[in-house]
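S.K.: Fold the following, please.
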Amino acid sequence: MEKVVRKISLIDDYNYDLDYWLSKNAEERISAIEILRQQFYEAENGITPRLQRILKIVKRTSS
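M.R.: This next block holds a predicted model:
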């Protein structure tokens, strides 16, 4: 991955990020999303959190 640094003013509203990501193919974009997802969900001990399964038994009255 080539690192690029651009200095732009806040007044400049041209979206360089959009051009960058549109220049990548779908596989490269999905790979980048997966890297960001892993970084976001990584726990302190290196184990990614999982969804909890909750089971609740509800007694229904007969009609």
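S.K.: secondary structure element for the residue most central in space within the chain?
M.R.: Nearest residue to the geometric centre of the chain (CA atoms, centre = their mean): Arg37, 4.1 Å. Secondary structure assignment for Arg37, by DSSP states H and E: helix 26-41.
S.K.: I'd like to know which elements that helix is packed against.
M.R.: Identification of packing neighbours for helix 26-41 by 3 or more CB pairs under 8 Å, 6 or more residues apart in numbering; DSSP states H and E yields no helix or strand. C-beta here means a position set from N, CA and C on the backbone, and glycine is covered the same way.
S.K.: list the buried ones in it?
M.R.: Buried residues in helix 26-41, counted by 16 or more other CB atoms under 10 Å: none are found.
S.K.: So what's the model's average confidence on it?
M.R.: Averaged across helix 26-41, pLDDT comes to 88.
S.K.: could you pull out the helices for the chain?
M.R.: 16-22, 26-41 (DSSP state H).
S.K.: can you redo these as JSON lines with distance to Val4?
M.R.: Listed next are these as JSON lines, based on distance: least, CB to CB, whole Å:
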{"stretch": "helix 16-22", "distance to Val4": "8"}
{"stretch": "helix 26-41", "distance to Val4": "14"}
